[in-house]
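>>> Next come a sequence and a model predicted from it.
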Amino acid sequence: MHMPTILGIESTCDETGAAVVIDGRDVRSNVVASQVELHAKYRGVVPEIASRAHIENILPVLRESLAVANKTFADIDAIAVAHRPGLIGSLLIGVTAAKTLAWSLNKPLIGVDHVQAHLYSVMLEDAARERPSDEATKGNAAEEAASSPSVASSLRRFVPPPSFPALGAVLSGGHTSLYHVIDWTQITRLGSTIDDAVGEAYDKVAAILGLGYPGGPIIDKLAAEGDPKAIKFPRTMLGRESLDFSFSGLKTAVLYHVRGVPGRDAKGVELNDRTIRDIAAGFQAACVDVIVRKLDRAVRRTRAKSVIIGGGVSANRGLRTALENFAIPVHFPPIQYCTDNAAMSAGLADVLLREGRTAALDLDAITASAIR
């Protein structure tokens with residue numbers, strides 16, 4: 001049976017990505033050009049800057065992804081692109097590149113929903129599986145896998161698929177939503193944030209504490225060194241049955257704790273290494289507690305057999321630890337596929353291709369997700 005080789009393209013926000021994936025799971029290359037340094041001084045993504053950087057990065061990233069996979073355009077069976085949701089200027093770069101390649105190469109074009117792809121990322125198999133009994137071979141295995149796709153394929157990690165129906169959660173700087181996942185193409189939204197996404201809250205709290213950007217990895221690291229019980233921040237649950245999220249109040253509570261409440265005599269705290277670690281730990285504990293409790297609510301409502309976590313915050317160590325003993329199996333992506341990447345779109349495109357769900361060359365870039 002022929003296993004499709006799909007070239008995926010990602011440009012929904014501030015990461016320019018291209019990847020080659022075979023059979024929906026075997027990642028032969030996953031190249032990402034990050035724009036973190038360009039946006040760091042603004043403590044957030046500037047759409048115009050992101051668009052210009054995508055224009056500069058798209059061709060080098062495409063060439064590198066083919067070179068790493070040891071493939072040519074002749075080996076590619078289809079072109080996949082995340083065409084929704086995202087920043088319109090950024091989306092247009094990737095969609096234009098994908099349509100151009102599909103037309104010039106006479107290959108099928110597949111439009112992928114970025115949020116749906118984040119859920120599918122748990123299916124991707126990461127190369128260079130480590131042998132824990134031999135520390136000396138770890139680096140060699142990774143180097144061999146990077147230089148030889150055949151070696152990468154033989155060393156890739158087998159990932160057991162989640163059981164359906166599943167509960168999906170996409171947690172990132174732009175999304176915080178829960179989904180009822182019947183299968184990879186039948187997904188409905190159960191709830192979402194009514195204000196800040198959880199990753200956005202991390203970035204804003206990091207700014208309050210005078211830390212760097214992006215805030216998620218920094219706060220996660222500091223939280224592990226702090227006391228999560230030192231400061232009791234609020235948990236906003238939005239009612240007993242709600243599956244929506246709200247992190248704006250939590251962010252404001254951190255602000256008032258640090259700087260004091262406006263119009264009152266109360267003063268804030270002096271920020272030092274100890275207090276910053278404790279604030280980070282207390283803030284993360286509140287975020288994780290809300291997410292876990294909402295997951296538990298949703299599982300009971302949907303009778304899901306497994307949980308799928310995707311998005312940048314799925315890399316959070318505090319969240320992963322909190323869900324280790326969850327009531328049903330929880331699936332996380334390999335760390336390298338948590339943030340925006342093209343491998344997840346190429347992987348999901350394999351499912352869509354097998355179902356004959358290809359797109360015409362008038363495929364639009366759309367700012368909103370198709371999942372309702």
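Received, thanks.
>>> Going by C-alpha atoms from here, please, whenever you check contacts or count neighbours.
Will do.
>>> And stretch 203-220, what's buried?
Along stretch 203-220, these residues count as buried under the neighbour rule (16 or more other C-alpha atoms under 10 Å): 203-209, 211-220.
>>> how long is it end to end?
Distances were taken as C-alpha to C-alpha, to the nearest Å; on that basis the terminal residues of stretch 203-220 are 11 Å apart.
>>> average pLDDT across that stretch?
Mean per-residue pLDDT for stretch 203-220: 96.
>>> same question, stretch 105-119
Here the average pLDDT along stretch 105-119 is 98.
>>> Mind listing residues that contact stretch 344-358?
Outside stretch 344-358, the residues that touch it by C-alpha atoms under 8 Å, 6 or more residues apart in numbering are 4, 6-10, 19-25, 79-82, 108-114, 117-118, 120-121, 124, 184-185, 337.
>>> filter the residues you listed to the buried ones?
Buried by 16+ other C-alpha under 10 Å: 4, 6-10, 19-25, 79-82, 108-114, 117-118, 120-121, 124, 184, 337, out of those.
>>> any idea which helix is longest in the protein?
helix 273-302 (DSSP state H).
>>> For that one, could you pull out the residues that count as buried?
275-291, 294-299.
>>> Need the pLDDT of Ser147.
pLDDT at Ser147 comes out at 39.
>>> no, scratch that, I was asking about Arg156
In this model, Arg156 carries a pLDDT of 53.
>>> Just confirm Ser248 contacts Gly199, I think it does.
No. Contact status for Ser248 versus Gly199: not in contact, 11.6 Å apart, counting by C-alpha atoms under 8 Å.
>>> neighbour-wise, which of these two wins?
Neighbour count, other C-alpha atoms under 10 Å: between Ser248 and Gly199, Gly199 has more, with 23 against 18.
>>> mind checking the SS state of that one?
Here Gly199 is helix, with the state taken from DSSP: H, G, I helix; E, B strand; the rest coil.
>>> if I pick it, what's in contact with it?
Contact criterion C-alpha under 8 Å, 6+ apart gives 171-175, 215-216, 312-313 as the residues in contact with Gly199.
>>> what's the average pLDDT for stretch 233-253?
Averaging pLDDT along stretch 233-253 yields 96.
>>> ok, and for stretch 358-368, which residues are buried?
Of the residues in stretch 358-368, 358-359, 361, 363, 365-366, 368 count as buried by neighbour count, 16+ other C-alpha under 10 Å.
>>> Tell me which stretches of the stretch 51-200 of the chain form strands.
78-84, 109-113, 166-171, 176-183, 186-192 (DSSP state E, counting those that start in this stretch).
>>> In CSV: those, plus distance to Val31.
Listed next are those as CSV, based on distance: least, C-alpha to C-alpha, whole Å:
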stretch, distance to Val31
strand 78-84, 14
strand 109-113, 18
strand 166-171, 22
strand 176-183, 25
strand 186-192, 28
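>>> separation between the residue nearest to the spatial centre of the chain and Asn341?
Against the mean C-alpha coordinate of the chain, by C-alpha atoms, centre = their mean, the closest residue is Gly311 at 2.3 Å. According to C-alpha to C-alpha, Gly311 and Asn341 sit 10 Å apart.
>>> tell me, what's touching those two both at once?
With C-alpha under 8 Å, 6+ apart, Gly311 and Asn341 have no common neighbours.
>>> for Arg240, helix, strand, or coil?
Per three-state DSSP, Arg240 ends up coil.
>>> same question, Ile308
strand.
>>> Tell me the bridge partners for it.
Beta bridges link Ile308 to Gly168, His331, judged by DSSP bridges.
>>> Report whether the expected contact of it with Phe332 is present.
Yes. Under the criterion of C-alpha under 8 Å, Ile308 makes contact with Phe332 at 6.4 Å.
>>> Can you work out which residues contact both of these two?
The contact sets of Ile308 and Phe332 overlap at Val122 (C-alpha under 8 Å, 6+ apart).
>>> can you list the domains in this structure?
Listed domain ranges for the chain are 5-124+336-354, 166-332 (source: automatic domain parsing).
>>> Quick one: closest of these to Arg372.
Arg372 lies closest, by C-alpha to C-alpha, to one member of the domains of the chain: domain 166-332, at 5.2 Å.
>>> In the stretch 1-150 of the chain, where is pLDDT below threshold?
Under the criterion pLDDT under 70, the flagged ranges of the stretch 1-150 of the chain are 1, 126-150.
>>> Show me the helices in it, by range?
With DSSP state H, counting those that start in this stretch as the criterion, the stretch 1-150 of the chain has helices at 36-39, 47-69, 88-105, 114-120, 136-147, 149-155.
>>> Comparing those helices, which stretch has the densest surroundings?
helix 114-120 (a mean of 27; mean count of other C-alpha atoms under 10 Å).
>>> Could you tell me how far the nearest residue to Arg28 once chain neighbours are set aside is located from Ala19?
What sits nearest to Arg28 in space, not counting adjacent residues and going by C-alpha to C-alpha, 6 or more residues apart in numbering, is Ala69, at 4.9 Å. Going from Ala69 to Ala19 by C-alpha to C-alpha gives 8 Å.
>>> do the same with Asp227
Distance from Asp227 to Ala19, by C-alpha to C-alpha: 40 Å.
>>> Can you name the residues that contact Ala18?
Counting by C-alpha under 8 Å, 6+ apart, Ala18 has contacts 7-10, 29-32, 61-62, 65, 341-343.
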